[in-house]
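In: starting from these lines, generate the structure:
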Amino acid sequence: MPDFHLPTTTATLAERHETLWLGLSAVHKDLVALGAKKPTAPVSEPVRIAAEGLLSECASFIRKPKERLPVAAADLAGLAVQLGQALAGLEDWESRHTTWDEKFNCRIWNLHTGYRPIMRLKPPAAALKFERDDMDYIRGQLVVRMKQRERRAYHEGFEAGRAARAGAPTDSLSARAAAGQTPVEAGQAAGADPLGAGSGGMQTYPRLRGLA
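Out: Now for the predicted structure:
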């Protein structure tokens, strides 16, 4: 099943990525072969136009914000390197938006809804016929939210413990926490020494303030 901790995508974008990868890979393979024989040979106009079209299509997956569209290199070796970098960028994007499905032993896209293996990797026939229940997505999101909530509760408890060891009054901490301060900030504002300097810096336990 998909790993909901990873970025998700759509079936349309996944299909577009696979089609683009196949086209770019084919052109890159031909250019590498030609560039090995004549690395400094100029790129023909039809090849240049095709390469720039592919690089433009790759921009949706690999271009950084505000980065300009690349211009195709003038020689075969340079263009082969340029397309190789774009191909590596596509594969990096793919690795971040896919996961391994143990059910069918194939790599699948992390989709918002639905189920789609990576087609070029020739998944088993059973994976092509499988239809994922959208409840899987909802359950996955719930698991992520629960883990985030557990981490937040642990962090808040840890900060509250540090404030308690600093000796800040409980009522003062509560009032300042209600005002939007963290337990540590509240303890410091109350005049507490977070390092226990008043006891030589060795205090590692909360002081008992009374048994009332």
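In: can you pull out the helices in the protein?
Out: For the chain, helices defined by DSSP state H occupy the ranges 11-37, 45-62, 76-96, 125-129, 135-165, 170-178, 183-189.
In: and the first one with helix 76-96, angle?
Out: Put plainly, it is helix 11-37. Using axes from the mean of the first three to the mean of the last three Cα atoms, to 10 degrees, the direction of helix 11-37 lies 150 degrees away from that of helix 76-96.
In: against which helices or strands is helix 11-37 packed?
Out: With contacts taken as 3 or more Cβ pairs under 8 Å, 6 or more residues apart in numbering; DSSP states H and E, helix 11-37 sits against helix 45-62, helix 76-96. Where C-beta positions appear, they are placed from N, C-alpha and C, glycine not excepted.
In: just put these in JSON lines and tack on mean pLDDT.
Out: Converted to JSON lines, the helices and strands packed on helix 11-37 look like this (pLDDT from 0 to 100):
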{"stretch": "helix 45-62", "mean pLDDT": "93"}
{"stretch": "helix 76-96", "mean pLDDT": "95"}
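In: can you redo the ones you listed as TSV with distance to Ala11 and mean neighbour count?
Out: TSV is the format used below for the helices and strands packed on helix 11-37 (distance: least, Cβ to Cβ, whole Å; neighbours: other Cβ atoms under 10 Å):
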stretch	distance to Ala11	mean neighbour count
helix 45-62	15	16
helix 76-96	14	18
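In: Gln148: which of those is closest?
Out: Gln148 lies closest to helix 76-96 among the helices and strands packed on helix 11-37, at 19.7 Å (Cβ to Cβ).
In: can you give me the neighbour number for Leu69?
Out: 10 (other Cβ atoms under 10 Å).
In: can I see the domain layout of the protein?
Out: Following automatic domain parsing, the chain resolves into domains at 11-132, 138-196.
In: can you pull the contacts of the residue nearest to Cys58 when sequence neighbours are not counted?
Out: Leaving out its chain neighbours, the residue that sits closest to Cys58 by Cβ to Cβ, 6 or more residues apart in numbering is Ala86, at 4.7 Å. Ala86 makes contact with 24, 54-55, 58, 62, according to Cβ atoms under 8 Å, 6 or more residues apart in numbering.
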